[in-house]
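Trainee: dropping the sequence and predicted coords here.
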Amino acid sequence: MQLIDTHTHLDFPDFDADRAELLARSRALGVERLVVLGVYQNNWQRLWQLVQQDDSLYAAFGLHPVYLDQHRPEHRDELRDWLQRLAGHPKLCAVGEFGLDYYLDSLDRDAQQALFEAQLALAAEFELPVLLHVRRAHAPTIATLKRVRLKRAGIIHAFAGSAEEAKEYLKLGFKLGLGGAATWPQANRLRKTVAGLPLDAVVLETDAPDMAPAMHPQQRNSPEYLPEICAAMAELMGVSADELARSSSENARALFGWTGIGRRVG
């Protein structure tokens, strides 16, 4: 089984004590590639240094809506500088993590929207896919994406929307990121939605260190758990774990423009 974790935050201090060992264990379990996402300007350099140290890691840079108060106008310019400087570099795979978060009332929605659209414009300029955070904001996100119409789409991270919203994203060319959330038995609506998704619609992710699956409650999430997440999602979708691993990895490789399907790296 070969897997790709399309969403991690392995640069976070949560992993400083055992990052190398964790990655070795993950590789032994079949996790062949992992995307590490930037969330604010201060972690981009640390993230970039990290992905250069391991052949299995790839970088995305973005300004996450939850850190809205930390972002400054000049950070948008710095993001463009990073993307321009690294344009075409094999380790740069996307713009993200960014998007809209309507769950937290303290986050100004107009400011979020402006930042969202600015980063969509950068993704369009550099022809990179986007890795989107969408929390209780599917309607405005879909409306914006319909208006912007990216040449390359991306992933709706930690998808937890309805079947109708899933269809809208798929029509726009997006993949849906599935991780720990749908492993929880109480997530009834999401589990029903996942059960109806076609194999070409999904990619797998952990969001490590956050969003641990039901099999590892109240623990630090880890790419090591991706095979268990894959098995749980496959059961919901009525396919074998190997089949989901193969299709989700092919979806991720196609999205990021990675060649050598089925070939291990490192």
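Mentor: Thanks, I have the structure now.
Trainee: use CA for all of it now, contacts and neighbours both
Mentor: Will do.
Trainee: now residue 172: how far from residue 144?
Mentor: To residue 144, residue 172 is 11 Å away according to CA to CA, to the nearest Å.
Trainee: how about the helices in this protein?
Mentor: Listed in chain order, the helices of the chain (DSSP state H) span 19-28, 44-52, 73-85, 109-126, 138-148, 163-171, 188-195, 226-237, 241-256.
Trainee: what's the third one in contact with?
Mentor: Right, helix 73-85. Residues from elsewhere that reach helix 73-85 (CA atoms under 8 Å, 6 or more residues apart in numbering): 41, 61-62, 118-119, 122, 126.
Trainee: now the last one
Mentor: With contact meaning CA under 8 Å, 6+ apart, helix 241-256 is reached by 1-4, 6, 93-94, 129, 153-154, 175, 199-204, 230-231, 233-235, 259, 261.
Trainee: wait, what's in contact with residue 97?
Mentor: Residue 97 touches 37-39, 60-64, 130-133, counting by CA under 8 Å, 6+ apart.
Trainee: which one is it nearest to, not counting chain neighbours?
Mentor: residue 62 (4.9 Å; CA to CA, 6 or more residues apart in numbering).
Trainee: for the protein, which strand is longest?
Mentor: When the chain is parsed with DSSP state E, its longest strand is strand 92-101.
Trainee: starting from that strand, tell me which strands it pairs with and how they run.
Mentor: The strands beside strand 92-101 in its sheet (DSSP bridges) come out as strand 57-61 (parallel), strand 130-135 (parallel).
Trainee: want to throw these into JSON lines with mean neighbour count?
Mentor: Formatted as JSON lines, the strands paired with strand 92-101 follow (neighbours: other CA atoms under 10 Å):
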{"stretch": "strand 57-61", "mean neighbour count": "25"}
{"stretch": "strand 130-135", "mean neighbour count": "25"}
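Trainee: contact partners for the closest residue to residue 4 other than its chain neighbours?
Mentor: Ranked by CA to CA, 6+ apart and with sequence neighbours excluded, the top spatial neighbour of residue 4 is residue 33, at 4.9 Å. By CA under 8 Å, 6+ apart, the contact set of residue 33 is 3-5, 56-58, 265.
Trainee: again, but for residue 141
Mentor: If you count contacts by CA under 8 Å, 6+ apart, then residue 141 has 99-100, 134 around it.
Trainee: kindly reformat the helices of the chain as CSV containing distance to residue 214 and mean pLDDT.
Mentor: Below are the helices of the chain laid out as CSV (distance: least, CA to CA, whole Å; pLDDT from 0 to 100):
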stretch, distance to residue 214, mean pLDDT
helix 19-28, 19, 98
helix 44-52, 28, 98
helix 73-85, 36, 98
helix 109-126, 31, 98
helix 138-148, 25, 98
helix 163-171, 22, 98
helix 188-195, 13, 98
helix 226-237, 9, 98
helix 241-256, 17, 98
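Trainee: please name whichever of these is nearest to residue 179.
Mentor: Set against residue 179 and scored by CA to CA, these come closest in helix 226-237, at 6.3 Å.
Trainee: what is that closest one packed up against?
Mentor: Here helix 226-237 touches strand 3-8, helix 188-195, strand 202-204, helix 241-256, going by 3 or more CA pairs under 8 Å, 6 or more residues apart in numbering; DSSP states H and E.
Trainee: other SSEs contacting the second one?
Mentor: The elements that helix 188-195 packs onto, with contact taken as 3+ CA pairs under 8 Å, 6+ apart, are helix 226-237.
Trainee: ok, and what's touching the helix it packs on?
Mentor: Helix 226-237 is contacted by residues 3, 5, 29-31, 178-180, 182-183, 191, 194-197, 204-206, 213, 215, 240-241, 243-245 when judged by CA under 8 Å, 6+ apart.
Trainee: need the buried ones from those residues selected in ChimeraX.
Mentor: Here is the ChimeraX command that picks out the buried ones among the contacts of helix 226-237, judged by 16 or more other CA atoms under 10 Å:
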select :3,5,29,30,31,178,179,180,182,183,191,194,195,197,204,205,206,213,240,241,244,245
